[in-house]
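Engineer: The following block contains a protein sequence and its predicted model.
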Amino acid sequence: MKKLLVLALAVSIMMIGAVALAQDNMGQSAPTKAAAAPLKSIKGTIKFDGDKATFVADKDQKSWDVMNPEALKGHDGHHVELSAHVYADKGAIHVMSVKMLK
């Protein structure tokens, strides 16, 4: 009888752990993360300070840190249109493509 009670208790604890793990992972799927950093087209100017790149948007003059500055090498001071993932909570962008503007 004791063995049966211990077995039932062990199964119950495992089930509670599985339910807690499933709840913890809810909302962490790829579409949710992608929605947090949408791909946008933005116009502005590139500024380099050493290896660090900053993008200043035309629309609101907001400065964005560039997560992958190597994508903008050779564009220091240029007016460009970027296709980039925007991380508003971090004040950063991840550049996908660059197009020079006149």
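Structural biologist: Noted; the coordinates are in hand.
Engineer: Residue 102: neighbour count?
Structural biologist: Neighbour count for residue 102, taken as other C-beta atoms under 10 Å: 3. (Glycine included, C-beta is placed from N, CA and C.)
Engineer: Oops, could you answer that again for residue 60 instead?
Structural biologist: 8.
Engineer: Residue 70 now?
Structural biologist: For residue 70, using other C-beta under 10 Å, the count is 9.
Engineer: Distance of it relative to residue 4?
Structural biologist: 63 Å (C-beta to C-beta, to the nearest Å).
Engineer: What of residue 99?
Structural biologist: With C-beta to C-beta as the criterion, residue 99 and residue 4 are 70 Å apart.
Engineer: same thing with residue 76?
Structural biologist: 74 Å.
Engineer: From the neighbour counts alone, determine which of those two ranks first.
Structural biologist: Per other C-beta under 10 Å, whichever of residue 76 and residue 4 has more neighbours is residue 76, with 12 against 8.
Engineer: Could I get the full set of helices for the chain?
Structural biologist: 2-25, 30-36 (DSSP state H).
Engineer: Low-confidence regions, the protein specifically.
Structural biologist: 18-36 (pLDDT under 70).
Engineer: Show me the residue at the heart of it, geometrically.
Structural biologist: residue 37 (4.9 Å; C-alpha atoms, centre = their mean).
Engineer: so that residue sits right up against residue 86, yeah?
Structural biologist: Yes: contact between residue 37 and residue 86 holds when scored by C-beta atoms under 8 Å: they sit 6.3 Å apart.
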